[in-house]
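Participant: would you be able to build a 3D model of this:
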Amino acid sequence: MDWQTAINFGGSALIAAIGWFARQLWTAVDNLKKDVTDLGLHVSENYAKKAEIPTLKTDLDKRFDRIEVLLDKVYTKIDAKVDK
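Facilitator: Next comes the predicted model:
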């Protein structure tokens, strides 16, 4: 085998490897495009509608009121504690 044949085989193998890698990248980009499109559809279906906002706000207010009550209990316990 002469040098020219070895260079031709090596170049062919290199070009084949680069082609395979490019094909893998192309497929990955196509999959990402599909995932982004699906995510956009999913997000547009599951957002808070204008009619639901007051209900959500009252639910959040109730939860924050409960947290405030619990924090007040913790603070009164801490204030009542006597360090020795």
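Participant: okay, now the unreliable bits of this structure?
Facilitator: In the predicted model, the chain carries pLDDT under 70 at residues 82-84.
Participant: longest helix of it?
Facilitator: In the chain, with assignment by DSSP state H, the single longest helix is helix 3-45.
Participant: tell me the helix or strand right after that one.
Facilitator: Sequence order places helix 53-80 as the next helix or strand after helix 3-45, per DSSP states H and E.
Participant: quick one: distance of that following helix to the chain centre.
Facilitator: 30 Å (Cα atoms, centre = their mean, to the nearest Å).
Participant: and it, which residues are buried?
Facilitator: In terms of neighbour count (16 or more other Cβ atoms under 10 Å), helix 53-80 has no buried residues at all. All C-beta atoms are positioned from the backbone trio N, CA, C, and that covers glycine.
Participant: and that helix, what does it pack onto?
Facilitator: Helices and strands touching helix 53-80, as assessed by 3 or more Cβ pairs under 8 Å, 6 or more residues apart in numbering; DSSP states H and E, are absent.
Participant: specify the residue ranges that define each domain of the protein.
Facilitator: With domains defined by automatic domain parsing, the chain comprises 1-46, 48-84.
Participant: distance of the spatially most central residue of the chain relative to Y47?
Facilitator: By Cα atoms, centre = their mean, the chain has its centre lying nearest to L39, at 10.6 Å. Applying Cβ to Cβ, to the nearest Å, the value for L39 to Y47 is 13 Å.
Participant: can you check K81 too?
Facilitator: Applying Cβ to Cβ to K81 and Y47 gives a distance of 47 Å.
Participant: count of neighbours near N31?
Facilitator: A count of neighbours around N31, defined by other Cβ atoms under 10 Å, yields 10.
Participant: use 51 as the first number for this chain going forward.
Facilitator: With the count now opening at 51, the last piece we talked about shows up as N81.
Participant: from D88, how far out is it?
Facilitator: Counting by Cβ to Cβ, the gap from N81 to D88 is 11 Å.
Participant: what does G69 give?
Facilitator: Applying Cβ to Cβ, the value for G69 to D88 is 29 Å.
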